[in-house]
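Visitor: the sequence and its predicted three-dimensional model are supplied below.
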Protein chains: 2
Amino acid sequence: MAKPKKQPRPKAETPKGFRDYFGAEVTERGDMLAKIAAVYHRYGFEALESSAVETVEALGKFLPDVDRPNEGVFAWQEADDDGRGDWLALRYDLTAPLARVYAQHRNDLPTPYRRFAMGPVWRNEKPGPGRFRQFYQCDADTVGAPSVAADAEICAMLADTLEEVGIPRGDYLIRVNNRKVLNGVLEAMGLEDDTQKDAVLRTIDKFDKVGEAGVRELLGAGRKDQSGAFIDGVGLGKTQIEPVMGFLNSFAVVQDKLAQEASRAFQEGDEARGRKLESARHCVAPEFKNHPEIAANAEAARIWNTRVLDHLRTIIGDSGVGFAGVEELTEIADLLAAQGYAADRIRIDPSVVRGLGYYTGPVFEAELTFEITDEKGRPRQFGSVAGGGRYDDLVKRFTGQAVPATGVSIGVDRLLAALRATGRVGGQAEGPVVVTVMDRARMADYQAMVARLRQAGIRAEVYLGNPKNFGNQLKYADRRGSPAAVIAGSDEFERGVVQIKDLVLGAQIAETATLDEWKERPSQFECTLDDMVERVRAIVDGEA
Amino acid sequence: MAKPKKQPRPKAETPKGFRDYFGAEVTERGDMLAKIAAVYHRYGFEALESSAVETVEALGKFLPDVDRPNEGVFAWQEADDDGRGDWLALRYDLTAPLARVYAQHRNDLPTPYRRFAMGPVWRNEKPGPGRFRQFYQCDADTVGAPSVAADAEICAMLADTLEEVGIPRGDYLIRVNNRKVLNGVLEAMGLEDDTQKDAVLRTIDKFDKVGEAGVRELLGAGRKDQSGAFIDGVGLGKTQIEPVMGFLNSFAVVQDKLAQEASRAFQEGDEARGRKLESARHCVAPEFKNHPEIAANAEAARIWNTRVLDHLRTIIGDSGVGFAGVEELTEIADLLAAQGYAADRIRIDPSVVRGLGYYTGPVFEAELTFEITDEKGRPRQFGSVAGGGRYDDLVKRFTGQAVPATGVSIGVDRLLAALRATGRVGGQAEGPVVVTVMDRARMADYQAMVARLRQAGIRAEVYLGNPKNFGNQLKYADRRGSPAAVIAGSDEFERGVVQIKDLVLGAQIAETATLDEWKERPSQFECTLDDMVERVRAIVDGEA
């Protein structure tokens, strides 16, 4: 008989672009999301967990008659009786499912509908370093509320959320802009061609990347990129470019103006007015961000916002949509001021460009303002961790009816990385106390010990590997990050005692102590079985 | 120009067999899983979140060269440059990914590796009522520990977990069996043909469904099923069938024996012995489950276990594997007794058949023993909510090396349904306090009010719909399950007061009160703005 052909062993690997998360990586993210959910819940938002799988039709981005329907998403065709079922796909974000859910259940949901969602999404993209094809999103949206009070609420909630997870006030900033103001600027410039408008929007989106000079060139004749290739510009003239740049640079323009006015006031002997204007200028300056009297000065914040809004009014000319945009920003500023969110936490800032092309009204972005040290030891700003805005045709594809919506998405991995980078999450993971096994026949006694520890709320386990080599048991405890090991052999059982090895102290001694100190500070001691729980607790709590 | 063909609107529907979860459905499950995770963590288990997507090769059940690789799973082929990439699939459970993860990372993981995992899994099956293609699993496994101490530990952890989520002692039972004992019985019967052995195992798996008589028929000549069709039997003779039935009926056999011995002891005037034997018989009887002196009587539990194990020894004859199986059960019983888990919580019970065909050693099942009332008003036992056992070749497919493993899987949806059915989870969801909008121009004031409530930890929101029709605002508050509505118009603002509508009391009055009582107990009252938080808190806390 021929030997059956041996199957090659399967490779034990995640698919390309996917990864596993272990221990603290999972629990720290879970803890952070639980804190975020608590804030969202307090704001009246309801949890929603939609199915991970949607029809490609409902997701909307892709259609079955396209040559490769899995472009960008993970998609497959259902096998029905004819072998030609619906195309299904994994969701690529949490907004497309929200649109489907709201259209499907709108008669059963309250209006407005505030919902939050957190969970994995999937992208069928080329993976890269730190770029995965499955990652978490965490969104909150208000559907069916046309008023910008809904936008203001989300900005306030975002500030509360960042503080709740551990970013102190002064270390974050929520910046608010409005697509309508930019539309007003384009209208004021006499730009009516939609293709040209879109080109301007796309160019502005590159502000963060190519800077002011780069945007100027790209709005005009074009520019050479780093590789030397020439990128065609939008072809605007210098007078047309200025209003756009005035919009993007509002922040610096207003600061300059306030500085000039303040120095004039001081020259004229009006010290009080001079100081007020200086405060207004300083209340948004990074160097004063941790100075509560300046940063959280409500009057200064009010003056600052007024001046930014005044400036915006001057650059929108008599555009109706521009006027509406400035009015919306004014209302948002007033609503937030009434709740005590000053310019040190949330501010009107026309240099926010991310998503201006996508959203239809207010746009907001949360950035962390502290510096961290990167892999190469260079200090750098942490940057954006959340963004959102208003998009006013959420369910139109499904129902034909435009429904206003506004929302925010938190970059879960980025925020968690920020908390880790600043030591606000993580550090020493809490390993279990390990009860070692000296005598295999005594397993029931070891189990009883570990049950005692657990009943006292102490994380603990019995060593369940091969107990023959005792050194391996201590190596295991070390690998588990155990604070303590409990040791008992027949002698100890006879005398009703246990040996406790303080592994935290042991590690400290091993690192710093001289031989004499080592001898003087034994990291192992004996206690009665009845005292075991309290003595171990003292080590776990760092009080030994 | 021809009008572009209008695309039909997409259907707003989940794919067949999928569903969405709203509000409390999401948070209650999350709370339950967090409690479970806390117990697992205390036992030294580490969280693992593997990717939802695996290669079909790693999942192992399906291979790319099969005609329909998406049989049972949701699978698709990666598009590489040649259009012939790996087949990927959504995980169908949490065990197959554990095998892949352990094989991939075994050099970085501690041995033994205790891990827990919770999350959705996907099955490409025909959906039915209450049967979805995406659902949660919650697993804990110990990899690399050959000792049954690992199995005992998981049984103890399961008991703690059920109590932690809200199932009181006496309302659950963890029953432990061992595949090796059954193998021993088959060996003692002289059954050596593997096909016949498998047929017996498959038949036994139907015990819960067809009962004792049905299993007897199926082990013998066969039986007619409900439709009248004849099902062929395994073809064993009556003397071969008896040992199997003796194994499955161990429980009743031992109870009968204890009853006989007890009555003999009483007849002989040995009251003390009679009472002991009666206690042993009663300690596993459902009618005494809430009687702590009987159910948690450690001596009675010890006698019970000893008798069950003695009985098993008689039916395995001189089978080596059967002997090993009884020894393992003995060790498990001893380990659990040493930690105080008596027969009212965890017991040796050879009638556990689920999974006997799949597992290689100890098998365990947790069932809820209280009755609930079904849709038709009939009382019924809730039944199984968790199960598991030992499977000793977890990663062999990948590495060629057998690695012992044992674990448990909790039926998340079933356990949650049980908690809901008994009122231990759910009931009144906590809706937000709604601050209504009488005067749209006062939005900043309303937002400031709601901010005050939230800062005091009270869930609250401003009404963000169209405020024109005040009745709609109260209807909205009703729909949201709000405990209270706050109302303020220009008169109230002038006087520094608010009106508070107690919607909980209002609903009670509406249901039960006469017209006179209605008038006497106004569910709406006025208070100063400064008192608002405390007055609302009293309503939310049920103290108004």
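Guide: Looks like it came in fine. Numbers count the residues shown, from 1 in each chain, chains lettered A, B, ... in the order given.

Visitor: for the rest of this, base every contact and every neighbour count on C-alpha atoms.
Guide: Fine.

Visitor: any buried residues in the strand or helix carrying residue A:304, and which?
Guide: Element membership for residue A:304 (DSSP states H and E) is helix A:298-315. By 16 or more other C-alpha atoms under 10 Å in any protein chain shown, the buried positions in helix A:298-315 come out as A:298-305, A:307-309, A:311-313, A:315.

Visitor: what packs against that helix?
Guide: Applying 3 or more C-alpha pairs under 8 Å, 6 or more residues apart in numbering or on different chains; DSSP states H and E, one finds that helix A:298-315 contacts helix A:179-188, helix A:238-248, helix A:250-267, helix A:271-282, helix A:320-338, strand A:346-348.

Visitor: the ones you listed: which one's closest to residue B:422?
Guide: helix A:320-338 (44.6 Å; C-alpha to C-alpha).

Visitor: could you list the low-pLDDT ranges of chain A?
Guide: Low-confidence segments of chain A, defined by pLDDT under 70: A:1-7, A:61-71, A:81-83, A:292-293, A:295, A:427-429, A:513-522, A:544.

Visitor: in it, which residue is most central in space?
Guide: residue A:411 (3.1 Å; C-alpha atoms, centre = their mean).

Visitor: check contacts around that one.
Guide: Residues in contact with residue A:411 (C-alpha atoms under 8 Å, 6 or more residues apart in numbering or on different chains) are A:136-138, A:385-386.

Visitor: just give me the closest of those residues to chain B.
Guide: Closest approach between the contacts of residue A:411 and chain B, by C-alpha to the nearest C-alpha: residue A:136, at 11.5 Å.

Visitor: mind checking the SS state of the nearest residue to that closest one once chain neighbours are set aside?
Guide: The shortest distance from residue A:136 to any non-neighbouring residue, by C-alpha to C-alpha, 6 or more residues apart in numbering or on different chains, is to residue A:120 (4.2 Å). In three-state terms, and counting by DSSP: H, G, I helix; E, B strand; the rest coil, residue A:120 is strand.

Visitor: my guess is residue A:120 contacts residue A:133. True?
Guide: No - the pair residue A:120 / residue A:133 is not scored as a contact, 9.9 Å apart, by C-alpha atoms under 8 Å.

Visitor: between these two, which one's more packed in?
Guide: Neighbour totals were compared for residue A:120 and residue A:133, and residue A:133 leads with 23 against 19 (other C-alpha atoms under 10 Å in any protein chain shown).

Visitor: my guess is that one contacts residue A:18, does it?
Guide: Yes - Residue A:133 is in contact with residue A:18 according to C-alpha under 8 Å; the separation is 5.9 Å.

Visitor: for chain B, give me its nearest residue in the stretch 401-544 of chain A.
Guide: Closest residue of the stretch 401-544 of chain A to chain B, C-alpha to the nearest C-alpha: residue A:459 (4.1 Å).

Visitor: ok, how many other residues are close to that residue?
Guide: Neighbour count of residue A:459, defined by other C-alpha under 10 Å: 25.

Visitor: cool, and residue A:338?
Guide: For residue A:338, the count of nearby residues is 19 (other C-alpha under 10 Å).

Visitor: can you pull the contacts of it?
Guide: Contact analysis of residue A:338 by C-alpha under 8 Å, 6+ apart lists B:444-445, B:447-448.

Visitor: secondary structure class for residue A:499?
Guide: Following three-state DSSP, we place residue A:499 in the strand state.

Visitor: pull the contacting residues for residue A:10.
Guide: B:57-58, B:60, B:397-398.

Visitor: before we move on, what about residue A:499?
Guide: For residue A:499, the contacting residues are A:486-488, A:492, A:524-527, by C-alpha under 8 Å, 6+ apart.

Visitor: of the residues you listed, list those near chain B.
Guide: Checked against chain B using C-alpha under 8 Å from any C-alpha of the partner chain, the contacts of residue A:499 yield no neighbours at all.

Visitor: let's see stretch A:484-498 as CSV, backbone CA atoms only.
Guide: In CSV, the C-alpha atoms belonging to stretch A:484-498 read as follows (Å, rounded to 0.1, in the frame of the first residue of the first chain):
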residue,chain,number,x,y,z
ALA,A,484,6.3,37.2,45.8
ALA,A,485,6.8,33.4,45.9
VAL,A,486,5.5,31.2,48.6
ILE,A,487,7.5,28.1,49.5
ALA,A,488,6.6,25.2,51.7
GLY,A,489,8.1,21.7,52.0
SER,A,490,7.4,18.9,54.4
ASP,A,491,9.4,20.7,57.2
GLU,A,492,7.2,23.8,56.8
PHE,A,493,4.0,21.9,56.7
GLU,A,494,5.0,20.1,59.9
ARG,A,495,5.6,23.4,61.7
GLY,A,496,2.6,25.2,60.2
VAL,A,497,4.8,27.8,58.5
VAL,A,498,5.7,29.0,55.0
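
Visitor: so what's the residue count around the closest residue to residue A:262 other than its chain neighbours?
Guide: Computed as C-alpha to C-alpha, 6+ apart, the closest residue to residue A:262 that is not its neighbour in sequence is residue A:274, at 4.4 Å. For residue A:274, the neighbour count with other C-alpha under 10 Å is 22.
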